[in-house]
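Enquirer: Sequence and predicted structure, then a few things I'm wondering about:
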Amino acid sequence: MARTGCGPGCSLPQPPPFRFLDLAFALVGTLAFLLDFVADVWVAASYLRAGHFHWGGLVLGLLLLSSLTTQFFSWAWFRSDSDKEGLSQPSARTSKLLHVLQLGYLYRCLCVLRVGFQACKMEDPTATHHQAFAIFLSHDVSLLRLFETFLESAPQLILVIYIILHTNQAEIFQVLGICTSFLCITWALLDYHQTLRSFLRDKHKLAFLSSVLYFLWNFLLMCPRILSLAVFAVVFSGYIFLHFLGIWLVMFLWVSLQGTDLMEHETFEWFYRATVAVILYFCWFNVAEGKTRHRSAIYHVFLFVDNGILIVSWWWYRIPLSWDSQVCFALLAALVCYALGIFFKCVYYKCFHPTMKTALITDYDEVDSNDAVVFRQMVIKKPIINHRTYRLSWSFFAGPLAEETQHQQNGTISDMYL
C-alpha cells in the first residue's frame, strides 16, 4: 500500500509570485534568443562569403547541435508532463510538430510571456494558478537556456578567440561579441541559480551580494578555461576535438557515477548526463546530492591541471616567440582571475550558500515482507511545482540534510559517489 506525505512538520514548497520584473526578464530573454539566432546566422554567412567554409560550417554545426538538443529536452518534458493536473499543454501531435520545426523552445518562451502577463494583470485569487503555471514554465526555460548556452555560445566563444589569435587581428564586433558572450554565459548560470533558489524559504532567497559573488566567481573561472582552450587550439587545432572527447568521457563517467535523477525515462537520463558532461567541460555544475564541497574541490583541481597542460603545451610549441606574445600577458591575467574566482567561490559557499530549508517531498511504499520504508521523490501536483528544478534545487542546496536523507533511503554513504 502506498502513502504520500511530507513527514511530520513539513510543508509543500510554494511557488514564488510571478512579478512584472520576472515578465520583463522573460521578454528580454526571448528577444536575446532571437537576436542571438540572427547574429549566428549572419556570422556564419559572413565566414562562408569570405571563403572560410570550415569556420562557417562550425558555427552552423554548433547552432544545429544546440537547437536539436534543446528541442529534444523540451519535447521530452512536454511528454512527461502530459498527464499532470493543472498544466495546459499542447497535444502530442502539435508538440512533435513544433519540435521537429525547431520551435519548441520559442513556444515555451512565448507561453511564459502569455501566462506571465495574465498572472501579473490579475489581482483576484484566481491568479494563483496562472502564477504557478508561469513559474513552472519559466523554470524549464531557464534550464533549457543553460543547455543552449553551453552547447552553442561557449564553443563559439572559443572559436572567435581562436580566429583572432590565428589571424592576429581583431575586429570591433569580435571584441564586443567576446564580452557579450562571457556575460551571457555567466548570466545564464546566475539565472539558473536564481531558479533553484526559488524553492528556498524567504530568508534564503537570492540577495544582491550573493548574486554578485555568484556571478563573479563563475565569470572569473570561465575566462581562464576559455582562453586556455583557445590558445591550445591555435597550435594544436587538430587535437582540440580529441581533447574535448577525452575530457567529456571523464566527465560523463563522473556524472554517471553520481546517479542523476532528472528525466523520467532511463534512456533520456543518459542523454541528460551527456549534456551535463559538456557543461562540466567548461565550468562547475552540481547535479547530485552529497558533499558538494568535496566534489567541487576534485573538479577544480582536475580542471586546473588540465588548463595548465594546455597552456604549457602552447608555450612549449611557441618558444621563443611566445615570450614576445601579448597572449602571455593575457595568460598571466587569466591566472589571477582563476585565483580570484576560487577565492570568491570559497567566500560564497562559506557565507552565502544555504542548506535546504524546504521539506523533502517524498512518497513511500510499505513493503509487507520487511515493513521497510522506501523513499523516492514524487512529482508534485498541488501546488504546481516543477519537479525537475525542485530535484536540482534539493541536490544543490541540501547539504548535510540530504546526506542524512540519502542514508535513510538506501543505506549508503553519499561520499561514495563522487
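Expert: Cool, the structure landed. Numbers count the residues shown, from 1 in each chain.

Enquirer: When you work out contacts or count neighbours from here on, use the C-alpha atoms and nothing else.
Expert: OK.

Enquirer: where does the stretch 1-150 of the chain dip in pLDDT?
Expert: 1-17, 84-87, 123-130 (pLDDT under 70).

Enquirer: any idea where the strands of it begin and end?
Expert: Using DSSP state E, counting those that start in this stretch, the strands of the stretch 1-150 of the chain run over 2-5.

Enquirer: Tell me where it has helices.
Expert: For the stretch 1-150 of the chain, the helices defined by DSSP state H, counting those that start in this stretch cover 20-49, 53-80, 92-100, 104-121, 127-148.

Enquirer: As JSON lines, those with distance to Asn218 and mean neighbour count would be great.
Expert: Output for those, formatted as JSON lines (distance: least, CA to CA, whole Å; neighbours: other CA atoms under 10 Å):
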{"stretch": "helix 20-49", "distance to Asn218": "20", "mean neighbour count": "15"}
{"stretch": "helix 53-80", "distance to Asn218": "21", "mean neighbour count": "18"}
{"stretch": "helix 92-100", "distance to Asn218": "31", "mean neighbour count": "16"}
{"stretch": "helix 104-121", "distance to Asn218": "25", "mean neighbour count": "20"}
{"stretch": "helix 127-148", "distance to Asn218": "14", "mean neighbour count": "23"}
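
Enquirer: So for Ala233, which of the ones you listed sits nearest?
Expert: Closest approach to Ala233 among those (CA to CA): helix 53-80, 13.3 Å.

Enquirer: Output the contacting helices and strands for the closest one.
Expert: Contacts defined by 3 or more CA pairs under 8 Å, 6 or more residues apart in numbering; DSSP states H and E place helix 53-80 against helix 20-49, helix 92-100, helix 104-121, helix 127-148, helix 154-167.

Enquirer: let's see it at 6 Å
Expert: Applying 3 or more CA pairs under 6 Å, 6 or more residues apart in numbering; DSSP states H and E, one finds that helix 53-80 contacts helix 20-49.

Enquirer: could you give the angle of the helix it packs on to helix 104-121?
Expert: Relative orientation of helix 20-49 versus helix 104-121 (axes from the mean of the first three to the mean of the last three CA atoms, to 10 degrees): 160 degrees.

Enquirer: where's helix 20-49 relative to the chain centroid, distance-wise?
Expert: Taking CA atoms, centre = their mean, to the nearest Å, the mean C-alpha location of helix 20-49 is offset from the chain mean by 18 Å.

Enquirer: Same check on stretch 228-236?
Expert: The gap between where stretch 228-236 is centred and where its chain is centred comes out at 25 Å by CA atoms, centre = their mean.

Enquirer: With stretch 271-286 instead?
Expert: Using CA atoms, centre = their mean, the offset of stretch 271-286 from its chain centre is 8 Å.

Enquirer: Repeat that for stretch 92-99.
Expert: Per CA atoms, centre = their mean, the centroid offset for stretch 92-99 relative to its chain is 25 Å.

Enquirer: how about it as CSV, C-alpha atoms only?
Expert: Output of stretch 92-99 as CSV, limited to C-alpha atoms (Å, rounded to 0.1, in the frame of the first residue of the first chain):
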residue,chain,number,x,y,z
ALA,A,92,1.2,15.3,-28.6
ARG,A,93,0.9,15.8,-32.3
THR,A,94,1.3,19.6,-32.0
SER,A,95,4.2,19.2,-29.7
LYS,A,96,6.0,16.9,-32.1
LEU,A,97,5.5,19.3,-35.0
LEU,A,98,6.7,22.2,-33.0
HIS,A,99,9.9,20.5,-32.0
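
Enquirer: ok, and what's touching it?
Expert: For stretch 92-99, contacts defined as CA atoms under 6 Å, 6 or more residues apart in numbering pick out Gln71, Gly104.

Enquirer: quick one on the thing from earlier: figure out which of the helices of the stretch 1-150 of the chain is closest to Tyr162.
Expert: It is, among those and with distance given as CA to CA, helix 53-80, at 10.5 Å.

Enquirer: what's the nearest residue to the most centrally placed residue in the chain if we skip its chain neighbours?
Expert: Note on the chain: the residue nearest the mean C-alpha position is Leu146, at 4.0 Å, using CA atoms, centre = their mean. Once flanking residues are discounted, Leu146 sits nearest to Ala188: 5.6 Å by CA to CA, 6 or more residues apart in numbering.

Enquirer: Run the angle between the helix or strand harbouring that neighbour and helix 154-167 for me.
Expert: Using DSSP states H and E, Ala188 maps to helix 172-197. Relative orientation of helix 172-197 with respect to helix 154-167: 160 degrees, computed using the same axes, to 10 degrees.

Enquirer: now helix 172-197: how far from the chain's centre is it?
Expert: For helix 172-197, the distance to the chain centre is 12 Å (CA atoms, centre = their mean).

Enquirer: buried ones in whatever helix or strand comes next after it?
Expert: Next along the chain after helix 172-197, taking DSSP H and E as the criterion, comes helix 208-235. Buried residues in helix 208-235, defined by neighbour count with 16 or more other CA atoms under 10 Å: 210-211, 213-235.

Enquirer: same thing with stretch 334-341?
Expert: Result for stretch 334-341 [16+ other CA under 10 Å]: buried residues Ala334, Leu335, Cys337, Tyr338, Leu340, Gly341.

Enquirer: Output it as CSV, nothing but the C-alphas.
Expert: C-alpha atoms of stretch 334-341 as CSV (Å, rounded to 0.1, in the frame of the first residue of the first chain):
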residue,chain,number,x,y,z
ALA,A,334,43.9,34.6,-16.5
LEU,A,335,45.9,33.0,-13.7
VAL,A,336,45.0,36.0,-11.4
CYS,A,337,41.3,35.6,-12.5
TYR,A,338,41.4,31.9,-11.6
ALA,A,339,42.8,32.6,-8.1
LEU,A,340,40.2,35.3,-7.5
GLY,A,341,37.5,33.1,-8.8
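
Enquirer: Give me the contact list for it.
Expert: For stretch 334-341, contacts defined as CA under 6 Å, 6+ apart pick out Trp217, Leu220, Leu221, Pro224.

Enquirer: Output those in TSV, with distance to Phe136 appended to each entry.
Expert: TSV is the format used below for the contacts of stretch 334-341 (distance: CA to CA, whole Å):
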residue	distance to Phe136
Trp217	28
Leu220	31
Leu221	30
Pro224	35
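
Enquirer: Who are the contact partners of Leu34?
Expert: Neighbouring residues of Leu34 by CA under 6 Å, 6+ apart: there are none.

Enquirer: how close does it get to Ala26?
Expert: Leu34 sits 13 Å away from Ala26, going by CA to CA, to the nearest Å.
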